[in-house]
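Novice: Quick one, fold the following:
(4 chains)
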Number of protein chains: 2
Amino acid sequence: MGHDLDVGKGPDVVEVADALRVSVGLLRRRLRQIKAAEGEVTLPESAALARLDRGGPATPSELARLEQISPQSMGATLGGLEARGLVARRPDPKDGRRAVLYLTPAGQAVLRERRSGSTQRIAQALEAGFTSAELRQLQAATQLLERLAEHI
Amino acid sequence: MGHDLDVGKGPDVVEVADALRVSVGLLRRRLRQIKAAEGEVTLPESAALARLDRGGPATPSELARLEQISPQSMGATLGGLEARGLVARRPDPKDGRRAVLYLTPAGQAVLRERRSGSTQRIAQALEAGFTSAELRQLQAATQLLERLAEHI
DNA sequence: TATTGTTATACTCTATAACTATA
DNA sequence: TATAGTTATAGAGTATAACAATA
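Specialist: Sure thing, here's the model as predicted:
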């Protein structure tokens, strides 16, 4: 609507929505299996680490908002990361209620080494079975997916 | 690598892999919240229904393989659908161990009416915030994502 | 009174293990 | 012995509710 390319060519949104639900679910289940098999950083853990890396130090509440989960859930995830020394916290000097979390050198190393089993497995599959044009398509799609997740 | 467009333009597979992991996780968590709020057909349930609709009657094991989960997990999902009359089973006349599941009229209606809350929410978000070009990109991406899930 | 964070508890989805029935 | 399916149990990830501390 309002885009001249729309005429007779715009895909049915409901169809796309349904296809997205199916494909995202499939991929997610697949990724979960891989993590379970390797016993390294879990999915929500590496999401939190990546967030801290990309956005810098943040409070648990901020991270929870960004990752679309409850503060309590994020607290549980962060607790595990803290116990293993991958993140650390310092109190906010201006607001005694808040704690600011940051990546430790060990946490940075985990990200830098791309140690995540599932990332490597995806990367291998991408390299083996996808053309570079398809890779570009996927890359573009990830941005759309993130936007979708934020505005749903 | 064999594609002339690769030179200097192929995205880093590891980067794409990581971005996929993040965006798929985000979207999935978001979808889960919606389902929880509406209390209708759950995510795995509607995945199973869609499978039966697209592929016709199938055994629990086949469905589990297609959805990348264990037969036991699929059994639990199917049990719920059966109890609500959305799918039904008939014994395989050739092999007494197997049961063939099929969509009941009620199950077909659920799919036909796109009653799924999350599908409608996605569709709304797509309509409101995405151009038709972006919709086509997403549509193309879902096929790539399914292929990826199958070959990972 | 509102906000940040924690603790306790429960639910959903999936997994593994052990079992039954049929092949 | 192998395969299809079920039952029982456990674990990961997330949620809600109730609480403490600070603003």
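
Novice: CA only for contacts and neighbour counts going forward, please
Specialist: Noted.

Novice: Quickly note the distance from A:G96 to DNA strand C.
Specialist: To DNA strand C, A:G96 is 8 Å away according to C-alpha to the nearest atom of the strand, to the nearest Å.

Novice: Then A:G55?
Specialist: Taken as C-alpha to the nearest atom of the strand, the span from A:G55 to DNA strand C is 16 Å.

Novice: With A:A149 instead?
Specialist: From A:A149 to DNA strand C the distance is 18 Å (C-alpha to the nearest atom of the strand).

Novice: What of A:S118?
Specialist: Relative to DNA strand C, A:S118 is positioned 15 Å away (criterion: C-alpha to the nearest atom of the strand).

Novice: One more: A:L52?
Specialist: 14 Å.

Novice: A:E134 too?
Specialist: In terms of C-alpha to the nearest atom of the strand, A:E134 sits 26 Å off from DNA strand C.

Novice: pLDDT value on that residue, please?
Specialist: At A:E134, the predicted lDDT confidence score is 96.

Novice: Can you tell me the closest non-neighbouring residue to it?
Specialist: Nearest residue to A:E134 in three dimensions, chain neighbours excluded: B:L144, at 7.6 Å (C-alpha to C-alpha, 6 or more residues apart in numbering or on different chains).

Novice: so that neighbour sits right up against A:L138, yeah?
Specialist: Yes: look at B:L144 against A:L138 with C-alpha atoms under 8 Å: they come within range, at 7.4 Å.

Novice: neighbour-wise, which of these two wins?
Specialist: More crowded of B:L144 and A:L138, by other C-alpha atoms under 10 Å in any protein chain shown: A:L138, with 26 against 19.

Novice: So is the helix or strand where the more buried one lies next to DNA strand D?
Specialist: Assigned by DSSP states H and E, A:L138 belongs to helix A:132-151. No: Helix A:132-151 is not in contact with DNA strand D by C-alpha under 7 Å from any atom of the strand; minimum separation 12.9 Å.
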